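Enquirer: Structural data only, the sequence is not supplied:
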């Protein structure tokens, strides 16, 4: 507890401000006519979708940290788990599989 928790809460509050700014940029860029850039249209659309998803999930995670008065909330445990949470969960599952396999191998 103590200062680490207060620092997490403060950083989460800053993240909420940052997320609001990123959402504003995402909303504005979503309205751009990317059809004029045929070669990059699909890539740009996908990139905007991923950015939007990351922004939404990180905003949700920051809100949860603030709501829980600075408690640690991992992306994988966030109420809205986005691409970062999915990646974290996948890495942890892969590590758990390696640990189990190595334990089995040592027996």
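Expert: Arrived safely, thanks for sending. Nothing here was measured: the structure is a model prediction, and the numbers come from that model. Residues are numbered from 1 along each chain as shown.
Enquirer: Now do the helices in the protein.
Expert: Ranges of helices within the chain are 3-30, 41-67, 83-106, based on DSSP state H.
Enquirer: any idea which of the ones you listed is most buried?
Expert: helix 41-67 (a mean of 17; mean count of other Cβ atoms under 10 Å). No exception for glycine: its C-beta is placed from N, CA and C like everyone else's.
Enquirer: If you tally nearby residues, what's the number for the residue nearest to residue 61 when sequence neighbours are not counted?
Expert: In this structure, residue 61 finds its nearest non-sequential neighbour in residue 78, 4.0 Å apart by Cβ to Cβ, 6 or more residues apart in numbering. Counted with other Cβ atoms under 10 Å, residues neighbouring residue 78 total 21.
Enquirer: my guess is residue 78 contacts residue 57, does it?
Expert: Yes: assessed by Cβ atoms under 8 Å, residue 78 is found in contact with residue 57 at 5.9 Å.
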